[in-house]
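Predicted model, plus sequence, below.
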Amino acid sequence: MDNEKTVAFQGMRGAYSEQACREKMPDWEYLPCNTFEDVFDQVESGKVELGMVPVENSMAGVVSDSYDLLALNNLSIVGEHYLQVHHCLLGVRGASIDQIGAVYSHPQALAQCHSFIRKQGWKRCSVYDTAGAAATLSTQGHNQEAAIASELCAELY
């Protein structure tokens, strides 16, 4: 992977950060990283040209990990992108919404969809990230389980 026109993001394929990369830089290559620290390391080492990290969430506020890493590293913000988050309810192929008993996602996504989940009477299950919930559902899920994640995750998984 050539560092030119490559952007690193935190999360696995389908993460909202990858979606932001695709919207802002549609012709670039995208490199998933496990942590925010890994994103910063990829940029500082020159392995990628840019990193895309969230700095603010309209519901949760400042993403302190990003600000902490900006203070600790020799990098600066060179652009911004506002991502409109649209959560999707994902199920395994052949499942129907009336079969669902439990929904998996990142705690923030579960909180943002709290009223809908509660109205359905579903159990909320917190996992590390939205894309991870979708990936796990695609390989290990059952008709009674769903994930809240991006439309990109629906396409990928």
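Happy to help now that I have it.

Give the residue spans of the chain that score low on pLDDT.
Where the chain drops to pLDDT under 70, the residues are 1-3, 56-67, 71.

mind redoing it with 50?
Under the criterion pLDDT under 50, the flagged ranges of the chain are 62.

could you show me where the helices are in it, in order?
16-24, 36-44, 64-72, 107-112, 114-120, 130-140, 151-156 (DSSP state H).

Tell me which of those helices lies nearest to G101.
With C-beta to C-beta as the criterion, G101 lies closest to helix 114-120 of the helices of the chain, at 9.3 Å. Any C-beta I mention is one placed from the backbone N, CA and C, and that applies to glycine too.

tell me which residues of that closest one are tucked away?
Residues I117 are the ones in helix 114-120 that count as buried (16 or more other C-beta atoms under 10 Å).

And for stretch 48-57?
Buried, per 16+ other C-beta under 10 Å, within stretch 48-57: V48, E49, L50, G51, M52, V53, P54.

residues in contact with the closest residue to V43 other than its chain neighbours?
Leaving out its chain neighbours, the residue that sits closest to V43 by C-beta to C-beta, 6 or more residues apart in numbering is G51, at 4.4 Å. The contact partners of G51, by C-beta atoms under 8 Å, 6 or more residues apart in numbering, come to V7, A8, F9, V39, F40, Q42, V43, L75.

And those, which two are furthest apart?
F9 and L75 (14.5 Å).

Looking only at neighbour counts, state which of these two leads.
F9 (28 against 15; other C-beta atoms under 10 Å).

Farthest from the middle of this structure: give me that residue.
Centroid-distance maximum for the chain: D98 at 26.3 Å, with C-alpha atoms, centre = their mean.

mind checking how far that one is from F9?
From D98 over to F9 the distance is 35 Å, taken as C-beta to C-beta, to the nearest Å.

swap in H81?
11 Å.

For the two, list the residues in contact with both.
Common neighbours of H81 and F9, counting by C-beta under 8 Å, 6+ apart, are A20, M52.

pretty sure V85 is touching A20, no?
No. Between V85 and A20 there is no contact under C-beta atoms under 8 Å: 9.6 Å.
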